[in-house]
Structure formats: C-alpha cells, structure tokens
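Asks: Below: sequence and its predicted model.
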Amino acid sequence: MNRSERSILIVTGIGHALCHWWALLVTGIFEPLRADFGLTGFQVSVLPVIGYVLMGAGALPAGYFTDRIGPKPMLLVYFVSTALACVSAVLASSAVSFAISLTFLGAAISLYHPTGLAMISHGFEKRGQAMGIHGIAGSLGLCGGPLAMNLANLGDWRLSYWVMAGVSFLSMVILLMLPIELREDPSKPAESTEAPVETIKPSYRLLAFLFVPMMLTGINYRAVMTALPTYLSGGDGDSTLAKFLLFLVFLAGGASQFLMGRRADRSHPSKLYANLIALSIPLALLLAWSGGGSYLAIAIALVLAVVHFGTQPVENLLIAEHTPHSLRSISYGLKFTLTFGLGPVAVPLVGYFWDETGTLAWTFVLFALIATVVAMLIMRLVKLVDAQSLSTGAPAIESAVSLGTVDQTG
C-alpha cells in the first residue's frame, strides 16, 4: 500500500469500528438506564428503535450526497455529527430526550457505510484485501456493548458516551491531517480515459441478482447475531470458558473477512461468494442438529462464522466491480438500506420460532433455507457475468469494460 492507501485504511477502519461501537453502546447500559429514568424493560428496549431504523433508511441519501460531494467531506460530517449526538446523549435529562439523541445518532451512523466503502473503492487498487481489513475493524466494534457496560460500572453510564464523543473528535482531526488521494473522485466528471467505462449502463438484471441476495443475507446475519449468543451459552461447561469461546467465534469471523478479501482479489468474486453461501447451508443445518449449548456447537459455529462473515468483503467488492464510479456510493447506500432496513425482520422471526418450538435451533434451519435461495440467485449472477464476459471475448475476471468495473487481476 502507498501512503494514501494506508491513510484511507486508518480513517475508514476507525470509522467502521466506531460505527458498530456507537450502535451497540446502548445495549450494554440497559440496566443503568432503566434505573436512572425509571423505565420498564420494554420501555428501555425501545429507546434506540427509531435510531436503528434510520441507520438503514439514511444510507441511501448518504450515498447520493457522497457521490455528489465526495467521500472525504462526508466522512468529516460523519465524525462531527456522531460526536455531537454522543454529547447530546450525555446531556439528556429524561428518557424522551435520550431517545431523541439516539435517533440523531442513528441518522449520523447511517452516513458511514456508503461513505467509507466508497472511499476504499475509489482509493485502492487491490480492493478485496482492503475490504477485508475494513471488515475486521467493524468486527472489533462489536465490543461496544461490553465496553459501555464496563465504563458504566466505573461510575456513570454517561461516561461511555463522553469517551465516544472524544474519540470521534480525535478521528475528525486525524482525517484532516492524513494525506488522502482518490483514484476516482465521484464528485468530479470522469476523465476522458474513463469515458467508455462510465457511459456504459450497468445491467439491471445483474444488479438485481446482486442486491436481492445481499438483502436476504442481511436477514440471515441479523438472525445469527440475535440467536447465536443465547444458543451457544446455554449448555454444559464453565460459563467463563463458554463466553471466551463465543468471543473466538466472532474473532474468527473477523479474521475470515481479511482472508476472503485477499482471496477475492485473486479469483472470480461472484463464484467465491456463491461457494461461501453454499458451504454455509450444511453448516447451519449441523448447528441446528447440535442443539446448542455444547462445545460441538461452538466448534460448528466457529466454522460457520468463518464462512458467513467472509462473504461481507466479497459483497462489497462485487458492488465496486459492477457499478460505475459515479454511482458507487449510492449503490453502497442501497445495499445497507436493504440489509439494515430489512435485517431486523429476523428478530421477531427468531422469537416466534423460539416460542413455538422451545428452542433456537430452528433459527439455523431458517438460515439454511434462506441461504439456499441466495445460493441459487448467486449462481445466476455467475452465469450472467460469464455470459457477458464471453460476449466481449474477455476472461470473466477481467470483464472490466463490459461491466463498468476495474481490473482485479495482479
């Protein structure tokens, strides 16, 4: 990586980690919030709901504006707005004002994914590896809930939001100081050498077979994140060890994003995506068969995490390959509007199956069924990519001109 690429990876890595930290902070302080504001369990659980909805709904307009003014200014807005939202949460004097702060925070968080991923897409030559490292940073952000809980134990739940506000302002300073140069600037007209690529319209059939599977995979992701901790921690063995092994499951998922991102740079990304989805089907069924609450279940979940989380950088690379640079950010915005907006549908589904069957195992049967549909759709995507490559006489992996993409070889 050159200096600019390292700078991009630093600011997007911080931004991605903080995105998930901010989103999960409130989950670690439900108990002190309930005591401080005099709320019931249900009331405290609905405080962040509107903010979570806006995390998805705001991604599409965020992508639109990123395509117009560029990723760096939008990333600056992201850091400033999230910091202000955290300060607002600190100053909240009632449950209503705190919920309003969380709503503002959700809208601010929605800016990140279409902005950060567009910056990587426009600034890197080997995007897959960068997407993988970026994914690891997001996985580290999953510790936001426990971090908030530990800070709350030191004194006041507001301390966690003070820390996040400070980190956000520091990130803003880092962004302003680091040298960042984009290979493609979406806020400027395409260069004459790029005109043939930019004037070709993307295949809407191809994009449909790309975004619909990603939407369904988002439902599966939310189902796994909802059910897996309870499913794995309810069995035999020392609880501390079980929690440590559960942490290893998510750690393995983060490492997988780096490995699969590098692999995608050297292979046919859509075929790699199809293979990963297909492999997740028997693993999910095995996890359902295990019954949970055992070290066997944890071992199976470890492999499933490697496979399932590994699809994420490949998805982001596929979007970069199949969209022109002037529409890159809004394409990422559409992806995260679909995945974040429809992903929460999995939560009541998990609860329904749990109530009806008395076990969370059926969650993973549902996962396998959805993954089967996704695999069939991705196989169709592979055929479309190969067919269009043959029509231009170019290898599938080098079909840059026909798909409005960049060369991923080398």
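Replies: Received, thanks.
Asks: got the contact list for the residue lying closest to residue 379 once chain neighbours are set aside?
Replies: Distances taken as CB to CB, 6 or more residues apart in numbering put residue 274 closest to residue 379, at 5.6 Å, once the chain neighbours are dropped. For glycine as for every other residue, the C-beta is placed from the backbone atoms N, C-alpha and C. Residue 274 sits next to 375, 378, 379, 381, 382 when contact means CB atoms under 8 Å, 6 or more residues apart in numbering.
Asks: got it, and residue 350?
Replies: 223, 226, 227, 360, 363.
Asks: For this structure, give me the ranges with low pLDDT.
Replies: 143-146, 148-149, 183-204, 234-246, 385-410 (pLDDT under 70).
Asks: re the thing from before, look up how far residue 217 lies from the residue nearest to residue 379.
Replies: Applying CB to CB, to the nearest Å, the value for residue 274 to residue 217 is 12 Å.
Asks: With residue 27 instead?
Replies: In terms of CB to CB, residue 27 sits 22 Å off from residue 217.
Asks: Which one of the two is surrounded by more residues?
Replies: Ranked by neighbour count (other CB atoms under 10 Å), residue 27 and residue 217 place residue 217 first, with 24 against 14.
Asks: what's downstream of the strand or helix carrying that one, the next helix or strand?
Replies: Using DSSP states H and E, residue 217 maps to helix 204-233. Following helix 204-233 in sequence order, the next helix or strand is helix 239-265 (DSSP H and E).
Asks: Pull the distance from that following helix to the chain's centre.
Replies: Centroid displacement of helix 239-265 relative to its chain, using CA atoms, centre = their mean, to the nearest Å, is 15 Å.
Asks: Alpha carbons of the very next helix or strand once past that helix, in PDB - could you do that?
Replies: For helix 239-265, the succeeding helix or strand toward the C-terminus, using DSSP H and E, is helix 269-290. What follows is helix 269-290, C-alpha atoms only, in PDB (Å, rounded to 0.1, in the frame of the first residue of the first chain):
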ATOM      1  CA  PRO A 269     -15.500 -12.800  -6.700                       C
ATOM      2  CA  SER A 270     -19.000 -13.900  -7.700                       C
ATOM      3  CA  LYS A 271     -18.000 -17.600  -7.800                       C
ATOM      4  CA  LEU A 272     -16.300 -17.200  -4.400                       C
ATOM      5  CA  TYR A 273     -19.400 -15.600  -3.000                       C
ATOM      6  CA  ALA A 274     -21.600 -18.500  -4.300                       C
ATOM      7  CA  ASN A 275     -19.200 -21.100  -2.800                       C
ATOM      8  CA  LEU A 276     -19.300 -19.500   0.600                       C
ATOM      9  CA  ILE A 277     -23.000 -19.200   0.600                       C
ATOM     10  CA  ALA A 278     -23.400 -22.900  -0.500                       C
ATOM     11  CA  LEU A 279     -21.000 -24.000   2.200                       C
ATOM     12  CA  SER A 280     -22.900 -22.200   4.900                       C
ATOM     13  CA  ILE A 281     -26.100 -24.300   4.300                       C
ATOM     14  CA  PRO A 282     -24.800 -27.700   5.700                       C
ATOM     15  CA  LEU A 283     -23.000 -25.900   8.500                       C
ATOM     16  CA  ALA A 284     -26.200 -24.200   9.600                       C
ATOM     17  CA  LEU A 285     -28.100 -27.500   9.500                       C
ATOM     18  CA  LEU A 286     -25.300 -29.100  11.500                       C
ATOM     19  CA  LEU A 287     -25.500 -26.300  14.100                       C
ATOM     20  CA  ALA A 288     -29.300 -26.800  14.300                       C
ATOM     21  CA  TRP A 289     -28.800 -30.600  14.800                       C
ATOM     22  CA  SER A 290     -26.200 -30.000  17.600                       C
END
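Asks: Figure out how far helix 269-290 is from the centre of its chain.
Replies: 19 Å.
Asks: on that earlier part again, now do the helix holding residue 217 against helix 269-290, angle only.
Replies: Here helix 204-233 runs at 30 degrees with respect to helix 269-290, directions being taken by axes from the mean of the first three to the mean of the last three CA atoms, to 10 degrees.
Asks: Around residue 303, how many other residues sit close by?
Replies: When neighbours are counted by other CB under 10 Å, residue 303 comes out with 17.
Asks: ugh, typo on my part, it should be residue 45
Replies: 15.
Asks: for the one 10 residues further on, same thing?
Replies: Other residues near residue 55 number 28, with proximity taken as other CB under 10 Å.
Asks: and what of the one 3 residues further on?
Replies: Taking other CB under 10 Å as the neighbour definition, residue 58 ends up with a count of 25.
Asks: again with the one 10 residues further on
Replies: Neighbourhood size, residue 68 [other CB under 10 Å]: 14.
Asks: same check, this time on the one 5 residues further on
Replies: Using other CB under 10 Å, residue 73 is surrounded by 14 other residues.
Asks: for this protein, what's the longest helix?
Replies: Under DSSP state H, the helix in the chain containing the largest number of residues is helix 361-392.
Asks: Now that one: buried residues?
Replies: Residues of helix 361-392 classed as buried under the neighbour-count rule (16 or more other CB atoms under 10 Å) are 361-368, 370-371, 374-375, 377-382, 384-386, 388-389.
Asks: Tell me what angle that helix forms with helix 204-233.
Replies: Angle, helix 361-392 to helix 204-233, by the same axes, to 10 degrees: 150 degrees.
Asks: these two touch, right, residue 216 and residue 372?
Replies: No - using CB atoms under 8 Å as the test, residue 216 is too far from residue 372 to be in contact (10.2 Å).
Asks: Who are the contact partners of residue 303?
Replies: residue 283.
Asks: does it sit in a helix or strand, and which one?
Replies: helix 295-309.
Asks: Next secondary structure element downstream of that helix?
Replies: That would be, after helix 295-309 and using DSSP H and E, helix 311-322.
Asks: As CSV, could you dump the C-alpha coordinates of that next one?
Replies: Listed next in CSV are the C-alpha coordinates belonging to helix 311-322 (Å, rounded to 0.1, in the frame of the first residue of the first chain):
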residue,chain,number,x,y,z
THR,A,311,-19.0,-13.1,2.4
GLN,A,312,-19.1,-9.4,3.6
PRO,A,313,-15.9,-8.1,1.9
VAL,A,314,-16.7,-10.1,-1.2
GLU,A,315,-20.2,-8.4,-1.4
ASN,A,316,-18.6,-5.0,-1.1
LEU,A,317,-16.1,-5.9,-3.8
LEU,A,318,-18.8,-7.1,-6.1
ILE,A,319,-20.6,-3.8,-5.8
ALA,A,320,-17.4,-2.0,-6.7
GLU,A,321,-16.9,-4.2,-9.7
HIS,A,322,-20.4,-3.9,-11.1
